[in-house]
Structures are given as structure tokens and as C-alpha cells.
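*Asks:* Build me a structure from this.
(2 chains)
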Amino acid sequence: MDILSIEGLTKHYSSGWPGRPPLVVLSGLSFSVAAGEIYGFLGPNGAGKTTTLKILMGLMRANSGTAKVFGYAAGDIRAKQRTGFLPESPYFYDYLTAEEFLGFYGRLAGINRSELSGRIIQMLQLVDLTEARHRQLRKFSKGMLQRVGLAQALIHDPELIVLDEPMSGLDPIGRKLIRDVILNLRDRGKTIFFSSHIIPDVEMICDRVGIIMKGKLLATGRVDELVRRDHVQSVEVVCEGVEVNKLSGIEPFASRVRQQGRQSLIILQQSHNLERVLAEIRKHGGHLISVTPQKGTLEELFLNPSCSLSEVGG
Amino acid sequence: MWSIGVISLNTFRENLRDKILYNLLFFAVFLIGGAIALGDLTVMEHDKIISDIGLASINLIGIIIAIFVGTGLVSREIDRRTVYTIMARPIHRVQFLLGKYLGLVVTLVVNVVIMLIVYLATLWSGHVPIRSTVFQAVQLMLVEMLVITAVALMFSTFSTATLSAIFTIGVYIVGHLTEDLKAIAERSPSATIKGLMSGLYYIFPNLEMLNIKGQAASGISVSIAFQSMATVYGLLYATLLLVGGCLIFQRRDF
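*Replies:* Numbering: from 1, shown residues only, chains lettered A, B, ... in the order given. Below is the predicted model:
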């Protein structure tokens, strides 16, 4: 079942000058997010990620197309009741303490007084801010603000969590904490939709990803499927007992060779040449140490979309 | 209603922590200092001057808060992007706007009440008679503050805090000159000027209707009918502005 669906979404801004074409931010964007999955929305800065999220949260209106959350039009109160949202580089009421801050957002979500104090304690523990609960947010670091922001998004135990660049600007410990929280939420059956331009984060935790560029969805699917389907695999061969520069027969197939002491590293662009290379190594008296197929990464896919991706959904 | 209450309470708390009530200290020092100094300098008009200064101070400080806090009520939320997380909650935009408005109104009422207490204490200590006209004047001042807050809020739904403040100050000044606009319209031979001035007269709030400080300081009371009519007029005007602000705010992108 789709929790979130977008169909032919278009957003453009007037250029401000008569005769000049409008600035197109989203162009016929279509995709959906199923219940219980982590969906990563990947794209460079200015690709249209934040605009899409703002439309989904009812902060912005699309020029055409539909965006539905839990079957309701984006921005509908019934959808917002079941959704938690953390915007990019959030700024909060810095005169509030962490406890007051979560209390404010909890009350806005309609949590009753008796339940709220328990939820606040739970959320502060979840994001490791229990000790800072009486501290005003103006004394928080960027990482702490991001974590308390995540806590406000989760205070009402939403079914869908929408996060805009949740790991941006965080140190490795902060990023791991956010990743762990996201994975934990997925294990509890929640649906997570988050945007990012940090590829390893997306690759590490997402069930599915959508790649957006210049307002168009270039690809969507499982990370392994996208990588396997679109990228040429390479193979890393490590052997010893032979000098790599004597293996003249491998030159046409190897993209990179390197001698490290007794060991030699050979990287092949295509796996079907592997047998020939192995035969050449044996012929020169070398011993095989390892053969490792190198899976294509999302980064390669992301950086070179023209050769590997076909446009989907407009 | 719940959401409006939560937002207004938070707005009130924000105003408190922004140390807006510090102006009360300034007010008390100014009033007491002014009263003592003028009490020594004047002989005949002693009571009237003390009353005048006190009422004018309450009015001035209230209007300054209404303009400068009111114009930041929404625009600051948008600039700082705090509006994103609030609008993502299950609340309507109208509830947010009304919550912000009521939060500032509560701040103004608390300010005016404290300033009134200081003022009455000053009158009492200076042996100046306390008349009911003082309360009439302060009540209409509060209505004027409600109108000005609504003006500021409406501008802040679509403009920056600085521009909103400029526009609101403009409305406040013209609002106190509406009788002059009417007089110009009546006397001008030019049909264009007549039309323009008449238009401005009807569009801008008649804030002089809410200004009875002069009478109050002299101990002249106004009728209950006038007091009620002026109050209803002010509240109606503020309501219209809030409706306008809500309509604009409903349509805008963040």
C-alpha cells in the first residue's frame, strides 16, 4: 500500500520579468512510497528535493499534478496528524528549553497532558539529549538541534516521517545516531521518506531511492537493482609471485594495475575477461590470492546519470 | 481552539523571554521621575500634566509594542523558518495566525494593566484625584492597540518586518488624521482629490475616535453610547483586518 504518492507534480516560479520563461523547479514528477519502507530522495542541491517535501507537507502549492499522503491531498489535517516532519537546517524557538520545545510540539499534535510528559522523556532518551533537557535551544550545537528536531518530528508517534537532509552538517557520531533512529523506526513499521545529497547515507539505509535532477525523476527503485541494472561491473584481482609488468597479455583488459611488494593488483573493467587474465597469471607462475567483483556504487550512478539512467516518471 | 491557545501561550512566553516587559521598568522610572519633576515646576496645571503624561506614556509604549512586535509576528516565523515545523502539525493556517495575534494581545493587556497600576500609584502618591475617565481612556487605548496589532499582523503576512513596520506606522499616522482627510475632501475643488481623500477617509481606521486622552486628563467623561460605539468600531475594524490577513496567509507559499 502506498503511503505517499506523487503524480505529474509541476512547480514553477515566475521569472519576474515579462517575456522571460518561468523558472521550472519540478517537472512532471511522479513516484510513490510504500508502507514500511525507507525511501531516499537523492539529488544535488537545487534539484527540487526540498520543494517536493514542502508540497507534501502543505507548505507550498504545486502548479499542477497531485500529491497525496495517506490518500489525502498534501497538507490535509488528517494526513498531518499521521506525519512527522523535520525541515532542512531547522531553526526553532531558541528561547525554549528542550523539554518546553517538545511539550509545545506535542500539545500542537494534540497529545494530552498525562501522556505528554512520558513522551518527552522517551524522545529525549531516543536522541540522547536527556541531560540537556533544561537547556535553552540557543545553547545547543548544530548536531543537538538536528537531534531535538528529529525528536519533535517523532513526538506524536507518526506513521510517516519526512526528513529533509537529516544528516547534513552532522559529525560521524551524529550521523550514525540519526541513521540508527531511522533504522529503528523502520523496524517498528514506520515509513520514512528522506531527502539527501549524501550518497553513502542513502546507500546504507534505504530500501528504495529516487534520483531527482533539475526537477525530473531520473530513476527510482531498489539501490542494488539500480546499481546492477545500470552499471558495468568491474573485477579486482589480487595475485602474488608474478610481476605485473610481465603480464603483457592482460593490458587490453586491465583498467588499472599496481605492484605492492610481492602482491599485484589488477582491476578489470569487465568480468568476462577474467578467465584470460587468470590464465595469464598462471602461465607466469603466479598464485591467485583473491577475485572480488566490484559492485557499482550509487555515487557513480549519481555522478554520471546520462550514460546509465533512463528517465522515469517524466 | 486548542491549537490557538497553544500558539498564543507560546507567543506570550516568547514576548516575556524577549524581555518586552522591561519597558515597564522604563515606564515606571519615566512616569515617576516626570511626575516629580513637573510637580515641582508647575503650579496651576499640575494634575492635568501628570495625568496627560501618564496616559500618553501608556498609549505610546503599547502602540510601540503593537507595531514592532506585531510586524514580526509572522514575517519572523517565515524568515527563521520556524513556520515549517508548526505548519506541518495538524493545525490550520488561520489557527496559527489567530494564535499569534492573541498571544500579542495578551502581552499588551498584561503590559497595559501593569502600566496602569504604576500610573494610578503615581497619581495617588502625587495627591491627584483618580477619575473614572482614566479607565475609559485606557479601555479605548487597548482597542486602538488591537487595531494596530491587526494592521501589523496583516502586513506581516505578505511583507518583511521592516516594510510592515513602515506601513503600520503610516496607517497609525493617517488613522489619526482621518478627520483632516474628510475636511480636505469637503473643501477641495478638484474631483480627483475629493475622491482620493474620501477613499482614504473610508479605508483608513479612524483612530481619533479611540483617542479620549485629552478629555480624560481634564476629567471630562464620554457617554457609554460613544464608548460602546467606538469599541465596536475598533473591534470590527480589527476583525476585518484579521480576515484579510488570514486570506492572504492561506494562499502564500513558504
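
*Asks:* okay, now the closest residue to residue A:70 other than its chain neighbours: neighbour count?
*Replies:* Excluding its sequence neighbours, the residue lying closest to residue A:70 (Cβ to Cβ, 6 or more residues apart in numbering or on different chains) is residue A:79, at 5.0 Å. Where you see a C-beta, it was placed from the backbone N, CA and C, and this is true even at glycine. Counted by other Cβ atoms under 10 Å in any protein chain shown, the residues lying close to residue A:79 total 23.

*Asks:* Domain map for chain A?
*Replies:* Following automatic domain parsing, one gets these domains for chain A: A:2-229, A:232-295.

*Asks:* mind putting these in a markdown table, mean pLDDT and distance to residue B:19 included?
*Replies:* Formatted as a markdown table, those follow (pLDDT from 0 to 100; distance: least, Cβ to Cβ, whole Å):
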| stretch | mean pLDDT | distance to residue B:19 |
| --- | --- | --- |
| domain A:2-229 | 90 | 10 |
| domain A:232-295 | 83 | 59 |
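
*Asks:* Excluding residues flanking it in the chain, which one is nearest residue A:66?
*Replies:* Among residues not flanking residue A:66 along the chain, residue A:7 sits closest, at 4.9 Å (Cβ to Cβ, 6+ apart).

*Asks:* Can you spell out which residues form a bridge with residue A:219?
*Replies:* Residue A:219 forms beta bridges with residue A:211, as assigned by DSSP bridges.

*Asks:* distance of it from chain B?
*Replies:* 28 Å (Cβ to the nearest Cβ, to the nearest Å).

*Asks:* how near is that residue to residue A:3?
*Replies:* Per Cβ to Cβ, to the nearest Å, residue A:219 is found 21 Å from residue A:3.

*Asks:* For the residue of the stretch 51-200 of chain B found nearest chain A, list the residues it contacts.
*Replies:* Closest approach of the stretch 51-200 of chain B to chain A (Cβ to the nearest Cβ) occurs at residue B:88, with a separation of 3.8 Å. Going by Cβ atoms under 8 Å, 6 or more residues apart in numbering or on different chains, residue B:88 touches A:57-59, A:80, A:83-85, A:87.

*Asks:* can I get these in TSV with secondary structure?
*Replies:* Below are these laid out as TSV (DSSP: H, G, I helix; E, B strand; the rest coil):
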residue	secondary structure
A:57	coil
A:58	coil
A:59	coil
A:80	helix
A:83	strand
A:84	strand
A:85	strand
A:87	coil
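
*Asks:* Next, the closest residue to residue A:14 other than its chain neighbours: phi, psi?
*Replies:* Closest residue to residue A:14 apart from its sequence neighbours, by Cβ to Cβ, 6+ apart: residue A:22 at 5.5 Å. For residue A:22, the backbone dihedrals are phi -70, psi 160 (criterion: degrees, to the nearest 10).

*Asks:* Make sure residue A:22 is actually in contact with residue A:15.
*Replies:* Yes - using Cβ atoms under 8 Å, residue A:22 is in contact with residue A:15, at 5.8 Å.

*Asks:* quick one: the strands in the stretch 51-200 of chain A?
*Replies:* Assignment of strands within the stretch 51-200 of chain A using DSSP state E, counting those that start in this stretch yields the ranges A:64-69, A:72-73, A:83-86, A:160-164, A:191-196.

*Asks:* Highest mean neighbour count out of the ones you listed?
*Replies:* strand A:83-86 (a mean of 27; mean count of other Cβ atoms under 10 Å in any protein chain shown).

*Asks:* Which elements pack onto it?
*Replies:* Secondary-structure packing of strand A:83-86 (3 or more Cβ pairs under 8 Å, 6 or more residues apart in numbering or on different chains; DSSP states H and E): helix A:142-154, strand A:160-164, helix B:82-87.

*Asks:* Parallel or antiparallel, which strands does the shortest one pair with?
*Replies:* Sheet pairing of strand A:160-164 (DSSP bridges) gives strand A:83-86 (parallel), strand A:191-196 (parallel).

*Asks:* what sits opposite residue A:38 in the beta ladder?
*Replies:* Those that pair with residue A:38 in a beta bridge, by DSSP bridges, are residue A:192.

*Asks:* Many thanks, I have nothing further to ask.
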